[in-house]
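> Have a look at this fold, sequence not included:
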């Protein structure tokens, strides 16, 4: 499948090593074979460090994998997913159906601009997850201090923000700029790392941010332990030990 939307070129291709792959503007986004490595890591570190996440906002994530992982948590009452491009959702529903949880009644899909949504909405959320593409094209405005301040605005007190923050070894300037911008808005900012083979970028990074001083992202609150144990029964990569290790900062990046 190959179609041009109002915003970008959306393709689904079949490969030998990765199975079916979503490609946007010529860049690999996610694949059947390794999508769990990305989606479990962008979601669960934030979800399990929050003691009781009930309302979650996903910005982007049109393939459905991030919302799927959010909805594994039984405390979640609503997961609002704001995706700018309806074609991405339609294509993934049809060609990558295993990624999403589209029939879950807790999922509220909105086809609109996530930047405008966080600037204007009156809704408040326990967790916000930014699952955007690289900082270019329609996603360019998702990676700056102004957007992060609007995310902070829609978070409830004690809320947590999580986002993908690029490959720090191939894109160190982008990685550093994200950390610096987040630190101007949130009291705690902690990048963490894992492998996503599809991206061929060495370690990939995500970042956890919050104003809560009583939370440590590598340590779960006692109220989350039982929920984390249940989540581990269905995840393929993430677990509590992986989470603790993922927040270890490589020496080179400490200097950055």
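Yes, it's here. All values reported here derive from a predicted model rather than from experimental measurement. Numbering: from 1, shown residues only.
> CA only for contacts and neighbour counts going forward, please
Will do.
> Tell me, please, where in the protein the pLDDT is lower than the cut-off.
With pLDDT under 70 as the threshold, the chain has low-confidence stretches at 133-143.
> distance of residue 16 from residue 108?
Residue 16 sits 34 Å away from residue 108 when distances are taken as CA to CA, to the nearest Å.
> what does residue 116 give?
17 Å.
> And the two? Which one has more around it.
Neighbours of residue 116 and residue 108, each counted by other CA atoms under 10 Å, are more numerous for residue 108; the result is 15 against 11.
> Give the full set of residues in contact with the more buried one.
Listed by CA atoms under 8 Å, 6 or more residues apart in numbering, the contact partners of residue 108 are 78-81.
> and if you look at residue 20?
Under the criterion of CA under 8 Å, 6+ apart, the contact list for residue 20 reads 12-14, 31-33, 96.
> Ok, residue 220 next?
Counting by CA under 8 Å, 6+ apart, the residues that residue 220 touches are 48-49.
> and residue 203, how many neighbours?
Residue 203 has 17 neighbouring residues, counting by other CA under 10 Å.
> Relative to residue 239, how far out is it?
Note on residue 203: its distance to residue 239, by CA to CA, is 18 Å.
> Buried residues, the strand or helix carrying residue 21. List them.
Taking DSSP states H and E as the criterion, the element that holds residue 21 is strand 19-24. Residues 20-24 are the ones in strand 19-24 that count as buried (16 or more other CA atoms under 10 Å).
> Next: stretch 222-241.
Along stretch 222-241, these residues count as buried under the neighbour rule (16+ other CA under 10 Å): 224-225, 227-228, 231, 238-240.
> which one of the residues you listed sits closest to residue 196?
Minimum separation from residue 196 among the buried residues of stretch 222-241 (CA to CA) is found for residue 238, which lies at 12.8 Å.
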